[in-house]
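> The sequence and its predicted three-dimensional model are supplied below.
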Amino acid sequence: MYRGHVWFDDEVRRRHKQLKQSVPEFLHDGSLRNLLTTPIIYSLGIPFLLLDLWVSLYQAICFPIYGIAHVPRRSYFAIDRHKLAYLNTIERAHCLYCSYATGVLGYVREVSARTEHYWCPIKHSRSIPAPHGHYQLFLDYGDAEGYRRDLSRLRKTLRPGHRSVPRARRRA
């Protein structure tokens, strides 16, 4: 590891190149269902791009008005797998696409979590799977007094520099 980047020694790089499957071999070995569904998967590229752009615009306009700390978009993207020597061109494209899509969804989740924290910090009446990091701070469902009493305080926890604002994990 050097300056946050992984470096492989010469022997490992040689072995990676030996394990790289050619594109024709990859296509031959792949299943027909994978080949047929690939256009459907990639058709989400434009919606992901539009979502990324629209959420970034929303955050740039609204978060300063509400006093909500900025979500650092870059922290949610780890686009590095396409550099691996054992991946062919198609596999690299798949990894690039999946890294971008997953990054967009993580970024959008945090922006939407902060929005929900600001506008409606109330837990649901039923349990939800994998709640976002802000959810634990929310008020109990049906706690009307707590909502009126604590809404302003909960909103203040979203301000820039406040210790309860979840921070994106740094990559090792």
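Here it is on my side, so go on. Quick caveat, the model's predicted, so the values are computed rather than measured.
> could you pull out the helices for this structure?
10-18, 23-29, 32-42, 45-66, 89-119, 144-156 (DSSP state H).
> quick one: which of those is nearest Ser125?
helix 144-156 (13.9 Å; C-beta to C-beta). Just so you know, the C-beta spots here come from the backbone N, C-alpha and C atoms, and that holds for glycine as well.
> who's in contact with that closest one?
Helix 144-156 is contacted from outside by 66-67, 117-118, 121-122, 137-140, 162, using C-beta atoms under 8 Å, 6 or more residues apart in numbering.
> so Ala101 sits right up against Phe48, yeah?
Yes - the criterion here is C-beta atoms under 8 Å, and Ala101 meets it with Phe48 at 5.3 Å.
> So which of the contacts of helix 144-156 sit within strands?
Using DSSP state E, the subset of the contacts of helix 144-156 located in strands is empty.
> Centre-most residue in this protein?
With distances taken as C-alpha atoms, centre = their mean, the residue of the chain nearest its centroid is Gly106 (2.1 Å).
> contacting residues for that residue?
Here Gly106 is in contact with Tyr76 (C-beta under 8 Å, 6+ apart).
> measure it to Leu53 for me?
Going from Gly106 to Leu53 by C-beta to C-beta, to the nearest Å gives 16 Å.
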